[in-house]
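K.L.:
Any chance you could fold what I've pasted below:
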Amino acid sequence: METIKFLKEEWPEPNFEVGDEPHFLFLISQPYGGSTAIAQILNTCQNSMFLHQRAEGQWLIPGLCKEDRWKENKKINLKSVKAVWLNKYQSIKMHVGEIDVVIEKSPPNMMRIREICSQFKKSSIIACNRDPYANCSSIIKSQFTSFENNYKERENIIVGLTKNWQMRSKKIIELVENLLIPFFTYEDFCQDPSILKKYLKLPRRLERTININSKIKVKSYPIQKISNQNERQISELTKGDIELISLTLAEKPELINFFKYKLRKI
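P.N.:
Reported below is the predicted structural model:
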């Protein structure tokens, strides 16, 4: 059996108190899939916290957030994940008092969620997905700004983003079916944020403290209540973008059918 050597600078293992653990609530979602809004609503729960300001503990561990983080066969140091996350939880707890729930939504967690959950005594998972057109548009606006006049480059990026949506959707379906993870869509959540309470596996005393009407701050948007941003974001796609996304999605219709999404026509 091959022995993997993990570099300490990439996979730190700080000290932590054994036995002192919260409930880890993992949210599985696409990048730019609405998870920030969902996590912020979840974090209105009494005695809850994020490991990182973006609720993504991957950024606390250099080896976990490298460019290969979406590879399913990526070797990770589970001891480091446990040590860093529990150390962070215990450090925050020391300053603020009792913490019952850690909300963790690093998107690449979905590639190895079984292994990560195995490190903690108490954990649960919920999954969500978002309309692929809105998801692609959100990523384009956030990460790509220099190819407006380079049509071939734009086409390649659009197809690549759509295929990424398909790959991650396939993984979400696999987890939902194999681990019986409850799931919903970003659109369901925006229509009725209380849907979260239907799927959470938290103690009732904590669940009922979640404020589904809370105003939240997401990216550069003003502080506001939950609202569906899909149509506004999709309106920023060109007709060519929408056609490419539809053509790519049509190659694997079972994925959009599972989440009850529809192909858009120009």
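
K.L.:
Phe184: neighbour count?
P.N.:
Using other C-beta atoms under 10 Å, Phe184 has 18 other residues around it. Bear in mind the C-beta positions are built from the backbone N, C-alpha and C, glycine included.

K.L.:
Please apply the same query to Arg154.
P.N.:
18.

K.L.:
Doesn't it belong to a strand?
P.N.:
No. Under DSSP: H, G, I helix; E, B strand; the rest coil, Arg154 falls outside any strand and is assigned helix.

K.L.:
ok, it to Asn164 distance?
P.N.:
According to C-beta to C-beta, to the nearest Å, Arg154 and Asn164 sit 16 Å apart.

K.L.:
ok, now which ones touch Tyr151?
P.N.:
Gly240 (C-beta atoms under 8 Å, 6 or more residues apart in numbering).

K.L.:
For it, give me phi and psi.
P.N.:
Torsion angles at Tyr151 (phi, psi; degrees, to the nearest 10) stand at phi -70, psi -40.

K.L.:
Residue numbering should commence at 33 henceforth.
P.N.:
Will do, 33 is the new start, and the previous item becomes Tyr183.

K.L.:
Find me the pLDDT at it, would you?
P.N.:
Per-residue pLDDT puts Tyr183 at 74.

K.L.:
mind checking how far it is from Lys292?
P.N.:
32 Å.

K.L.:
In space, what's closest to Cys222 - neighbours in sequence excluded?
P.N.:
Nearest residue to Cys222, sequence neighbours excluded (C-beta to C-beta, 6 or more residues apart in numbering): Asn260, at 3.8 Å.
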